[in-house]
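Peer 1: Whatever this is, show me its structure:
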Amino acid sequence: MVGGWGGRVPANGSGRFGTDQSLRAITGFTGHGSIALCAPSCQSRTRGLRPQAFAEDHPVPIRSLPPFRDLPAFLTFLEGKGQIHRIREPVSTVHTVTEIHRRVIEKGGPVLVFERPIRADGTISTIPLVTNLFGTVERVALGFGIGTEDLRPLGEALAELRSPSAPNSLRDLLKRLPLARAALRTRPAETSSAPVQEVVITGAEVDVTQIPVQTCWPGEPAPLITWPLVITCPPGEFEPTHANVGVYRMQVLGPDRLIMRWLAMRGGAQHFRRWQAQGRDMPVAVAIGTDPATILSAVMPLPEGISELTFAGLVRGERPRLTKAVSVPLMVPADAEIVIEGVVSATETAPEGPYGDHTGYYNSVEPFPVMRVTAITRKSKPVYLSTFTGRAPDEPSVMGAAMNEMFIPVVKRQFPEIVDVWLPPEACSYRIAVVAFKKSYPGHARRLMMALWSVLPQFTMTKLIIAVDADVKAREWSDVMWAVATRSDPSRDLLVLTDTPIDYLDFASPKAGLGGKLGIDATTKIGTETEREYGQVLGMSSDVAAVVDAIWPKLGLK
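Peer 2: Numbering: from 1, shown residues only. Here you go, the predicted model:
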């Protein structure tokens with residue numbers, strides 16, 4: 001497709017995208033390593049969720065579950081596990097769905113399918129509304145095709161993608177060749193047979209308000225699309241390997257107008273600025289209700305140069321099916337439930353908000369770019385995927401807990417002394433971090449905290465780090481508070497920084513986007529850190545513990 005967009009979409013034919021350069025873009029393969037997340041043979045295995053390794057030094061979980069081609073396939077699988085609850089009673093999308101969802105997620109409840117959602121105008125939609133899809137860590141893992149115990153091995157794969165290690169022998173190199181071949185086999189494939197285009201709506205018939213979009217909280221000005229996968233490309237670079245897929249909430253302004261709310265550092269916003277610099281509107285496609293691998297890839301902190309669409313293929317273990325959008329020069333997931341196509345204006349903005357956010361507060365009203373809808377395509381019988389964002393627990397906080405597990409190998413790749421990292425969901429899943437590590441020298445904790453803030457982008461918005469020894473259980477507040485109370489002194493062990501980058505949404509900071517950070521060294525002091533001798537930690541001997549274990553069943557205690 002060539003025209004006013006100044007670029008091209010890969011043509012039909014072979015259904016292949018790119019060459020060996022695609023492999024490097026997808027996997028970071030530069031002659032010294034690559035990663036695949038699923039072997040071709042795994043698609044027939046449906047039992048067990050234990051990882052297997054392609055190479056001893058590179059444990060990569062192989063999904064035992066078959067790939068879920070689309071959202072309904074995943075829902076059918078979950079229904080077989082008793083994790084779907086269907087609600088046939090008409091329920092309003094204005095606040096009521098949120099309150100039901102909130103109560104269910106607090107109890108670790110099932111996916112909710114509202115079969116007769118009531119739209120904002122009071123009419124009943126024929127499109128079912130699905131919420132709480134990722135309301136448990138187990139379902140997040142299942143979306144990747146693995147068990148919860150395999151989230152960390154999957155993180156090992158992500159760590160290898162971010163910084164591939166060099167092979168240490170010819171044998172090691174040969175072991176990795178199947179990984180490269182598997183990566184090539186999971187590149188996106190183009191298809192002209194797209195279920196998402198069974199119904200195509202263009203022109204005056206376009207009406208986003210026919211979708212049962214939620215209004216989540218009191219005081220919000222309009223319905224808000226909360227699970228959009230926004231697909232963008234730089235000017236003239238429309239191949240899938242160049243695409244960015246991000247989740248940016250979208251306020252409904254009218255039948256064919258939406259607000260695109262993205263923060264400046266996000267990939268979609270970066271693409272937009274390149275189009276804007278040329279004085280051109282940016283083509284955009286919004287996929288709603290894709291397969292779980294594509295959804296999860298869109299929220300993962302992927303390395304630069306790896307497209308979410310191509311990474312989704314690695315996760316699924318099969319080539320993602322993409323198709324040409326009908327009104328913009330972009331490729332979209334062929335098996336999505338709904339796709340909204342359009343252009344983001346280079347000049348027009350509109351006030352967005354206030355809306356409830358993960359902080360537990362409403363955002364302030366700010367101007368963001370307006371998207372004009374040029375087409376809506378969908379399946380003949382789609383479902384609409386939605387969620388709410390608020391104070392934990394919500395789906396973002398649950399997904400954050402799963403991503404926490406996957407993130408640990410990335411951190412340990414940079415800092416091998418780290419034993420565990422916990423990002424408490426109650427602290428917005430990123431504002432407070434507890435880091436357990438093996439302390440080696442005086443000042444080690446302070447140096448590590450400074451390094452985490454400086455080296456890893458994921459810690460940029462973390463305003464409090466508590467550093468504890470390796471013997472402290474980082475995920476148990478009782479243990480952490482014991483360490484803070486017994487191993488830290490306020491006059492010595494507080495590291496305070498001022499005027500540092502901070503979460504733009506943090507209303508506690510004195511300036512928007514600029515605030516302080518606090519580090520607490522709650523480790524045992526060694527060497528020149530103290531002039532006193534630390535006490536010995538209490539603990540029962542292992543011999544006595546073994547004796548009690550042996551007689552416990554006879555004691556009549558639970």
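Peer 1: drop to CA atoms for contacts and neighbour counts, all remaining ones
Peer 2: Will do.
Peer 1: so what secondary structure elements neighbour the helix or strand hosting Gln276?
Peer 2: Secondary structure assignment for Gln276, by DSSP states H and E: helix 267-277. Helices and strands touching helix 267-277, by 3 or more C-alpha pairs under 8 Å, 6 or more residues apart in numbering; DSSP states H and E, are strand 229-232, strand 244-247, strand 282-288, strand 338-352.
Peer 1: Nearest to Leu112, out of those?
Peer 2: Comparing the helices and strands packed on helix 267-277 against Leu112 with C-alpha to C-alpha, the closest turns out to be strand 282-288 (16.6 Å).
Peer 1: what's the angle between the closest one and helix 267-277?
Peer 2: Taking axes from the mean of the first three to the mean of the last three C-alpha atoms, to 10 degrees, one finds strand 282-288 and helix 267-277 inclined to each other by 160 degrees.
Peer 1: tell me which strands and helices strand 282-288 is in contact with?
Peer 2: strand 229-232, helix 267-277, strand 331-333, strand 338-352.
Peer 1: Partner strands of the longest one, with direction?
Peer 2: Right, the one you point to is strand 338-352. Note on strand 338-352: by DSSP bridges, its sheet partners are strand 282-288 (antiparallel), strand 366-378 (antiparallel).
Peer 1: quick revisit: what's the closest of the helices and strands packed on helix 267-277 to Thr126?
Peer 2: Using C-alpha to C-alpha, the nearest of these to Thr126 is strand 338-352, at 13.8 Å.
Peer 1: Can you list the buried residues in that closest one?
Peer 2: Neighbour-count burial for strand 338-352 flags Ile338, Val339, Ile340, Glu341, Gly342, Val343, Val344, Ser345, Ala346, Thr349, Ala350, Glu352 (criterion: 16 or more other C-alpha atoms under 10 Å).
Peer 1: Same question for stretch 99-110.
Peer 2: His101, Arg102, Val104, Ile105, Gly109, Pro110.
Peer 1: There's contact between the last one and Ile84 in this structure, I believe.
Peer 2: Yes - in this structure Pro110 lies within contact range of Ile84 using C-alpha atoms under 8 Å: 5.3 Å.
Peer 1: The stretch 101-250 of the chain: helices as residue ranges?
Peer 2: For the stretch 101-250 of the chain, the helices defined by DSSP state H, counting those that start in this stretch cover 137-144, 151-162, 170-185.
Peer 1: what packs against the second one?
Peer 2: The elements that helix 151-162 packs onto, with contact taken as 3+ C-alpha pairs under 8 Å, 6+ apart, are helix 395-414.
Peer 1: Would you list the strands that the helix or strand following the helix it packs on pairs with, along with their directions?
Peer 2: The element immediately downstream of helix 395-414 (helix or strand, assigned by DSSP H and E) is strand 418-422. Each strand paired with strand 418-422, and its direction, by DSSP bridges: strand 432-437 (antiparallel).
Peer 1: how big is the angle separating the helix or strand following the partner strand from helix 395-414?
Peer 2: Once the chain leaves strand 432-437, the next helix or strand it forms, by DSSP H and E, is helix 444-455. For helix 444-455 against helix 395-414, the angle by the same axes, to 10 degrees is 110 degrees.
Peer 1: Name every strand pairing with the following helix or strand past helix 444-455 and say which way it goes.
Peer 2: Next helix or strand after helix 444-455 toward the C-terminus (DSSP H and E): strand 464-469. Sheet pairing of strand 464-469 (DSSP bridges) gives strand 432-437 (parallel), strand 514-522 (parallel).
Peer 1: May I see the buried residues of strand 338-352 organised as JSON lines, with pLDDT and distance to Thr226 added?
Peer 2: What follows is the buried residues of strand 338-352, written out as JSON lines (pLDDT from 0 to 100; distance: C-alpha to C-alpha, whole Å):
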{"residue": "Ile338", "pLDDT": "99", "distance to Thr226": "14"}
{"residue": "Val339", "pLDDT": "99", "distance to Thr226": "14"}
{"residue": "Ile340", "pLDDT": "99", "distance to Thr226": "14"}
{"residue": "Glu341", "pLDDT": "99", "distance to Thr226": "16"}
{"residue": "Gly342", "pLDDT": "99", "distance to Thr226": "18"}
{"residue": "Val343", "pLDDT": "99", "distance to Thr226": "19"}
{"residue": "Val344", "pLDDT": "99", "distance to Thr226": "18"}
{"residue": "Ser345", "pLDDT": "99", "distance to Thr226": "21"}
{"residue": "Ala346", "pLDDT": "98", "distance to Thr226": "23"}
{"residue": "Thr349", "pLDDT": "99", "distance to Thr226": "20"}
{"residue": "Ala350", "pLDDT": "99", "distance to Thr226": "18"}
{"residue": "Glu352", "pLDDT": "98", "distance to Thr226": "14"}
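Peer 1: Break this protein down into its structural domains.
Peer 2: Domain assignment for the chain by automatic domain parsing gives 20-385, 415-527.
Peer 1: Quickly compare those and say which is most buried.
Peer 2: domain 20-385 (a mean of 20; mean count of other C-alpha atoms under 10 Å).
Peer 1: okay, Leu170: pLDDT?
Peer 2: Leu170 is assigned 64 on the pLDDT scale.
Peer 1: next one: Ile465
Peer 2: Ile465 is assigned a predicted lDDT (pLDDT) of 99.
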